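*Asks:* Sequence first, predicted model second:
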Amino acid sequence: MRKRAAALCGAAVVVAGTFTAVPAGASTPQTAETQQAAKLTWKKCGTADYPTLQCASLKVPLDHANPYGQRITLALSRVPHTAKKYQGPLLVNPGGPGGSGLTLAGFVASSLPKAVAAQYDVIGFDPRGVGASKPALDCKPGYFNPVRPDSVPSTPAIEKANLSRAKSFAAACGKKYASVLPYIDTVSAVRDMDSIRKALGAKKINYFGYSYGTYLGAVYGKLYPDRVRRLVLDSIVDPTGVWYDDNLAQDYAFNDRHRAFMAWVAKYDATYKLGTDPEKIEATWYAMRAALAKKPAGGTVGASELEDTFLPGGYYNGYWPYLAEAFAAYVNDKNAEPLVEAYENFAAVDASGDNGYSIYTSVQCRDASWPRDWNQWRKDNWAVYEKAPFMTWSNAWYNAPCAFWPTDSLQPVNVANGKLPPALLFQATDDAATPYQGGATVHHMLARSSLVVEEGGGNHGISLSGNACLDKYLAAYLTDGTVPRGGGEADAVCQALPDPEPLASKAASTSSRGSTLHGLLGFRG
C-alpha cells in the first residue's frame, strides 16, 4: 500500500540467460512430478540489492477443480542454493493478502546467515492476481486518492459518502473481474503453491510466511501436511477470527500501539516540545485530526489521510521519529509540509497499492462470511470506537466492500493439525496487526509447534529485522529442524529491541534490516 514498499519492490531488473529448474547438485530425487519442472525457465532479474535473483513464470489453472480450463500466470523469483548440502525450496510470503513476494526472496536470502541461506533455493512468488502475476487485479484505480470523506461517520451524510465509496468499489470489482473473483481466495492460492512445488520438482516444501502469510502457510499445511518439511510463521493471524472478528480485534491493538507512540513522544519532549503527558499529547493529535478534517494539509492530508499516515507507525516503530517530527511541525510551527511529506512516504497509494488492495478485498471477502447488514457493522464499530478510536472506522471502511461483495463466501479453514512436522512460530506480545492471541491460538492448534515470543515487542514482522535472539532460533531451525521446547505457553522468550531515538539530523534515515523488511511486508496484515 505504501509508495516506499512499491519503490523497494520496483527496482530495475536485468534479464539475460536461463537456468534449469532444479539446480545442479540438488538432492531432490527425480519423480513423475519432476516432469513439470521443465515448465520453469529461470532468467536473471537481479537488482542492485539482490544481484543473484532469478525470475520465472508458471501457468496454473484459474479453477483447480477444472485443471484443463482457463489458465493464469504466476510470477516467481529465486535465489538459488550454492552449498553442496541442499535442503530444497524455501517459499516465502510477505502477507497482505495482496503483498508481492518477488523481492522478499532476495531479502530473506541475504538476511539469513550465509551458511543457512546457501542450503536453500529461496523462492518468492506473487500470488494469483498480484503484481507481476497475470491477470493483476486493479478494480478501481485511484480509489484512495485524497481527500476522502472523514472516516468517522459523525453525520448521516459522511456515512452515506463512505458507504457509496465501498459499494462502488465492490461493484467495480464485480463488473471488471466477474469470471476471476470466485477464484481469488486463500485455498486457491494454496493450490497454486502446490503447483509451484510440483514445478520445482520437490516432494516437500519449506515455507516462511509473515502476517497473512502465516494463514496461507497454515492452510497449506492443512491441505498438504505430508508435503511440508519446515514451517516458519511470523506475526500470526488468528485463524478462528477470519476475517471480520480479526479486524475488530486489530482496532483495540492499534489503539494501544498508537498510545505507545504518544508515550514515546512524551519521553522526548526536549526534541518534539509536545509535552510530557501522553494523554495530553494524544488529545493534541486528535485536535490536529479535527483541524485537518476542516482544512486538509496541502489540500492533500485530511482526517482519513492522517490516519493512513500514522497507521504504519503501528506496524513498525522505526517510523516513529519521522511521524513525530511531522506531528510537531504541524502543531508547534504551523508547518504542514513535513506532514504532507510523511503522507507521501508512508501512506500515498500508487498503482501497486491499488493492486494490493484489490487482492486484499478479493481474498478476504471471498474467504469467509461477512455481515451483509450494514446495521451490524455500524453497531459493532461504534462499540469498538468508544474504547479504541484511533483506527476503528478507518479499518471498517477499508473492509466495508465485503458487505457488498459480488461473490458468495467460502468457509474458513480449520487449520488444527496433528500431522505436521515441528513448526516454528514467532509472535510479539504487543503486535497490533496480528495481536498476540493469534500466536497463542495457532501454537495450540499445531501439534508439536514451538512458539518464540518477543516480550515487549510491538512491531509486526519480527524475525530477520535485527533481533539476534529471534534470528538464532530461526537459523537453528532452518539448519537442522531444531526447535526450542520450554513447556509453557511460550517455548522461548526474547526481549524486544529498544525503541528508536529521535533523528539525529534531517539527513538521518531508517536503513536497517527492520525498515527494509517493513517496506516489503504486505500492508494491513
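*Replies:* In hand now; what should we look at?
*Asks:* Every contact and neighbour count from this point should use C-alpha atoms.
*Replies:* Will do.
*Asks:* what pLDDT, on average, does stretch 39-51 get?
*Replies:* Stretch 39-51 carries an average pLDDT of 95.
*Asks:* Check what pLDDT the spatially closest residue to A496 that is not a sequence neighbour gets.
*Replies:* Nearest non-adjacent residue to A496, counting by Cα to Cα, 6 or more residues apart in numbering: G457, 4.8 Å away. Reported pLDDT at G457 in the predicted model: 98.
*Asks:* which ones are touching G457?
*Replies:* Contact analysis of G457 by Cα atoms under 8 Å, 6 or more residues apart in numbering lists 428-431, 495-497.
*Asks:* Return the member of those residues nearest to D277.
*Replies:* Within the contacts of G457, the smallest distance to D277 is 21.4 Å, found for D430 (Cα to Cα).
*Asks:* Give me the distance between the closest one and T240.
*Replies:* To T240, D430 is 19 Å away according to Cα to Cα, to the nearest Å.
*Asks:* neighbour-wise, which of those two wins?
*Replies:* D430 (22 against 15; other Cα atoms under 10 Å).
*Asks:* Touching, that one and R257? I think so.
*Replies:* Yes. Between D430 and R257 there is a contact under Cα atoms under 8 Å: 7.5 Å.
*Asks:* mean confidence score for the helix or strand hosting L425?
*Replies:* Taking DSSP states H and E as the definition, L425 sits inside strand 424-428. Confidence for strand 424-428, expressed as mean pLDDT, is 98.
*Asks:* Would you map the helices across the stretch 401-525 of the chain?
*Replies:* Remark: helices assigned in the stretch 401-525 of the chain by DSSP state H, counting those that start in this stretch are 436-445, 468-480, 513-520.
*Asks:* who touches both of D430 and R257?
*Replies:* Here D430 and R257 share the contacting residues G458, scored by Cα under 8 Å, 6+ apart.
*Asks:* residues of the longest helix along the chain that come out buried?
*Replies:* Ranked by residue count, the top helix of the chain under DSSP state H comes out as helix 244-267. Residues of helix 244-267 classed as buried under the neighbour-count rule (16 or more other Cα atoms under 10 Å) are 244, 246-267.
*Asks:* Return the residues in contact with the nearest residue to N355 once chain neighbours are set aside.
*Replies:* Leaving aside its chain neighbours, N355 sits nearest to D138 (4.7 Å; criterion: Cα to Cα, 6+ apart). Contacts for D138 (Cα under 8 Å, 6+ apart) come out as 173, 351, 354-355, 358.
*Asks:* Can you say which of those are buried?
*Replies:* Among those, those classed as buried by 16+ other Cα under 10 Å are 173, 354-355, 358.
*Asks:* now the residues you listed as JSON lines including secondary structure and pLDDT?
*Replies:* As requested, the buried ones among the contacts of D138 are exported to JSON lines (DSSP: H, G, I helix; E, B strand; the rest coil; pLDDT from 0 to 100):
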{"residue": "C173", "secondary structure": "helix", "pLDDT": "98"}
{"residue": "D354", "secondary structure": "helix", "pLDDT": "97"}
{"residue": "N355", "secondary structure": "helix", "pLDDT": "97"}
{"residue": "S358", "secondary structure": "helix", "pLDDT": "98"}
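*Asks:* ok, these vs A290, which is closest?
*Replies:* D354 (27.2 Å).
*Asks:* Quick check: the closest one touching G131?
*Replies:* No. D354 is not in contact with G131 according to Cα under 8 Å; the separation is 10.2 Å.
*Asks:* pull the helix or strand with minimum mean pLDDT from this structure.
*Replies:* The weakest-scoring helix or strand in the chain, judged by mean pLDDT, DSSP states H and E, is helix 3-9 (a mean of 30).
*Asks:* so where's the stretch 51-200 of the chain uncertain?
*Replies:* Along the stretch 51-200 of the chain, the model assigns pLDDT under 70 to no residue.
*Asks:* Which parts of it are strands?
*Replies:* Per DSSP state E, counting those that start in this stretch, the stretch 51-200 of the chain carries strands over the ranges 54-61, 71-79, 89-93, 121-126.
*Asks:* so what strands line up beside the first one?
*Replies:* Paired with strand 54-61 in the same sheet, following DSSP bridges, are strand 42-44 (antiparallel), strand 71-79 (antiparallel).
*Asks:* With mean neighbour count and distance to W405 as extra columns, can I get those strands in a markdown table?
*Replies:* Formatted as a markdown table, the strands paired with strand 54-61 follow (neighbours: other Cα atoms under 10 Å; distance: least, Cα to Cα, whole Å):
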| stretch | mean neighbour count | distance to W405 |
| --- | --- | --- |
| strand 42-44 | 21 | 38 |
| strand 71-79 | 24 | 22 |
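*Asks:* With I158 as the reference, name the closest of those strands.
*Replies:* Per Cα to Cα, nearest to I158 of the strands paired with strand 54-61: strand 71-79, 39.8 Å.
*Asks:* Just list the residues touching the closest residue to A249 other than its chain neighbours, thanks.
*Replies:* Closest residue to A249 apart from its sequence neighbours, by Cα to Cα, 6+ apart: P435 at 7.5 Å. P435 makes contact with 236-237, 249-250, 253, 429, according to Cα under 8 Å, 6+ apart.
*Asks:* Try it again at 10 Å.
*Replies:* 235-238, 246, 249-254, 427-429, 458, 460 (Cα atoms under 10 Å, 6 or more residues apart in numbering).
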